[in-house]
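> Take a look and give me a structure for this.
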Amino acid sequence: MNIPVRPPEGENSRAWPADVDAAVPYWVYTDPAIYAEELQKIWYGPHWLYVGLECELAEVGDWKTTTLGEKPCVMVRSGENEISVVENRCAHKGVKFCQTRTGHSKELICPYHQWSYALNGDLQGVPFRRGVKRQGGMPSDFDPKDHSLNKLRVEVVNGVVWATFSDETPPFREYLGEKFWKHYTRVYDGRKLEVLGYNRQHIPANWKQMQENIKDPYHAGLLHVFFATFGLFRADQKSAVDIDDEGRHGILISRKGEQEKTEAMADIRNFQGDLVLEDPRVMDVVQEFPGEETVGMITIFPSVILQQQVNSLTTRQIVPKGPGGFDFHWTHWCYADDTPEMRLRRTRQANLFGPAGFVSADDGEVLEMTQQGAAGSPDEHFILQMGGREIAPTDHQVTETAVRGMYRYWRKVMGL
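Numbers count the residues shown, from 1 in each chain. Have a look, this model is predicted:
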């Protein structure tokens, strides 16, 4: 009998299943109070959030808007060798002063009362600060230093811009841990990056579902016809799942197979051996990274998936929009020193992913279906028993270990 475990008196009243590490209640997807607490403890707490790529800001004064948690922010090249991230909210009346996705300016100016800020967020000008003809103006104790834009801590790590709202967040490398630092620098190795293009979509599902989805190799060869058929990622291939010591970050590692049905694929109903690509160049794959693996899908908790799937390189940013939805921002990129042939190869392989990708379209739909099922039964739970109840790295894909690890860490942060 699965008796719920209740938290101590005075804490959140929601119950957790007795099978603590291998079952999760559906209210984690649907409870507005839980979502509000997540924003404070996770998104605005001691965690690094993905902001963008340094190469998106080529010149001093270039900026790009984004959303971190639910707070609108601006990533701006504030100096030749400096990237700043500030809240897109004027310190005077709260105006969201940057309204377009990208722009270039010498300073950041609020259109309402024209308070002006330096590119790093420092307040530098207040119209009529000393009044007009000795009338009005700001009080004598008004100090511009006290009214800058809210500045986030920033680290630019091998071409990727990370920010945090918290002073308690450890340095980014420490946040990853040495094991995941090696996974990260396998692809983000210090070479300059360039953007190939963007996709955006809204998925009507809780934001944690996307973190789960990319930590979950169990579904990959079962749900995705393309993966199963063309051997990009499925259970009968040499593979591994790694997690960091805290359980928050994960990586799925695999090696591409062939378009063939093996004895181990008896449970894979989606294999279609007669499926033919009209343009086979989308599967023109070359080995380019150290080791024999062709897939390294990293989930950095809570905000991003760093995708290396054959030669397709993408960041997938999660932007929560309430307990029942999130926006998903895809940035497809290449190395600045790629040959024209490699750029074209990466661009073609980008058709596998994104909102209408041969593979990723499946994920958006099935996450919505999961949210629909969870909504009516918040006090029921789902199980995470594939591969046992352990939370440890594995040398196979038939496991939910990384999802179990994430929820153990989530419960720790949330105090549940």
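> all strands for the stretch 301-416 of the chain, in order.
Taking DSSP state E, counting those that start in this stretch as the test, the strands found in the stretch 301-416 of the chain are 304-309, 312-320, 326-335, 381-383.
> Could I get the ones you listed in JSON lines, plus columns for mean neighbour count and mean pLDDT?
For every residue, glycine as well, the C-beta is placed using N, CA and C. Converted to JSON lines, the strands of the stretch 301-416 of the chain look like this (neighbours: other Cβ atoms under 10 Å; pLDDT from 0 to 100):
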{"stretch": "strand 304-309", "mean neighbour count": "23", "mean pLDDT": "96"}
{"stretch": "strand 312-320", "mean neighbour count": "23", "mean pLDDT": "98"}
{"stretch": "strand 326-335", "mean neighbour count": "21", "mean pLDDT": "98"}
{"stretch": "strand 381-383", "mean neighbour count": "17", "mean pLDDT": "96"}
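> Can you add distance to residue 193 and give those strands back as a markdown table?
Formatted as a markdown table, the strands of the stretch 301-416 of the chain follow (distance: least, Cβ to Cβ, whole Å):
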| stretch | distance to residue 193 |
| --- | --- |
| strand 304-309 | 12 |
| strand 312-320 | 8 |
| strand 326-335 | 5 |
| strand 381-383 | 37 |
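> Residue 349 is nearest to which of those?
With Cβ to Cβ as the criterion, residue 349 lies closest to strand 312-320 of the strands of the stretch 301-416 of the chain, at 4.0 Å.
> Next one: residue 165 from residue 150, what distance?
Residue 165 is 8 Å from residue 150, where distance means Cβ to Cβ, to the nearest Å.
> do residue 207 as well
For residue 207, the distance to residue 150 - Cβ to Cβ - is 22 Å.
> next one: residue 202
From residue 202 to residue 150 the distance is 26 Å (Cβ to Cβ).
> what's the host helix or strand of residue 299 packed up against?
Residue 299 belongs to strand 295-300 when assigned by DSSP states H and E. Applying 3 or more Cβ pairs under 8 Å, 6 or more residues apart in numbering; DSSP states H and E, one finds that strand 295-300 contacts helix 178-187, helix 208-215, strand 250-254, strand 304-309.
> Which of those has the lowest mean pLDDT?
Out of these, strand 250-254 stands lowest, with a mean of 93 (criterion: mean pLDDT).
> partner strands of it, parallel or antiparallel?
strand 239-243 (antiparallel), strand 295-300 (antiparallel) (DSSP bridges).
> hang on, the earlier thing: and the helices and strands packed on strand 295-300: which comes nearest residue 98?
Per Cβ to Cβ, nearest to residue 98 of these: strand 304-309, 21.6 Å.
> what's the angle from the closest one to helix 208-215?
Put simply, strand 304-309 runs at 30 degrees to helix 208-215, going by axes from the mean of the first three to the mean of the last three Cα atoms, to 10 degrees.
> Number of residues surrounding the residue lying closest to residue 310 once chain neighbours are set aside?
Residue nearest to residue 310 in three dimensions, not counting chain neighbours: residue 285, with 4.5 Å by Cβ to Cβ, 6 or more residues apart in numbering. Neighbourhood size, residue 285 [other Cβ atoms under 10 Å]: 16.
> repeat for residue 322
13.
> Point to the residue nearest the middle of this protein.
residue 304 (1.4 Å; Cα atoms, centre = their mean).
> how close does it get to residue 379?
31 Å.
> With residue 340 instead?
For residue 340, the distance to residue 379 - Cβ to Cβ - is 56 Å.
> Who has more neighbours out of these two?
residue 379 (10 against 7).
> Poorly predicted segments of this structure, please.
1-13, 221, 223-228, 231-236, 256-274 (pLDDT under 70).
> Identify, by residue count, the longest helix of it.
As assigned by DSSP state H, the longest helix anywhere in the chain is helix 360-375.
> Tell me what angle it forms with helix 208-215.
Using the same axes, to 10 degrees: helix 360-375 against helix 208-215 is 130 degrees.
> List the buried residues for helix 360-375?
Of all the residues in helix 360-375, those buried under the rule 16 or more other Cβ atoms under 10 Å are 360, 361, 362, 363, 364, 366, 367, 368, 370, 371, 374.
> repeat for stretch 26-33
26, 27, 28, 29, 30, 31.
> Next: stretch 193-205.
193, 196, 199, 203, 205.
> give me the number of residues near residue 389?
The burial count for residue 389: 15, using other Cβ under 10 Å.
> For the longest helix of the chain, name the packing helices and strands.
Helix 360-375 packs on helix 27-30, strand 193-203, helix 208-215, helix 220-223, going by 3+ Cβ pairs under 8 Å, 6+ apart.
> Could you rerun that using 7 Å?
helix 27-30, strand 193-203, helix 208-215 (3 or more Cβ pairs under 7 Å, 6 or more residues apart in numbering; DSSP states H and E).
> Compare these and report which one is nearest to residue 48.
Judging these by Cβ to Cβ, what sits closest to residue 48 is helix 208-215, at 14.3 Å.
> Name the surrounding residues that touch the closest one.
28-29, 250, 297, 299, 301-302, 305, 318, 326, 328, 363, 367, 370, 402-403, 406 (Cβ atoms under 7 Å, 6 or more residues apart in numbering).
> Go again with 6 Å.
Here helix 208-215 makes contact (Cβ atoms under 6 Å, 6 or more residues apart in numbering) with 250, 297, 299, 305, 318, 363, 367, 402, 403.
> In JSON lines, list those along with distance to residue 410.
Converted to JSON lines, the contacts of helix 208-215 look like this (distance: Cβ to Cβ, whole Å):
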{"residue": "250", "distance to residue 410": "13"}
{"residue": "297", "distance to residue 410": "20"}
{"residue": "299", "distance to residue 410": "13"}
{"residue": "305", "distance to residue 410": "17"}
{"residue": "318", "distance to residue 410": "14"}
{"residue": "363", "distance to residue 410": "20"}
{"residue": "367", "distance to residue 410": "17"}
{"residue": "402", "distance to residue 410": "12"}
{"residue": "403", "distance to residue 410": "10"}
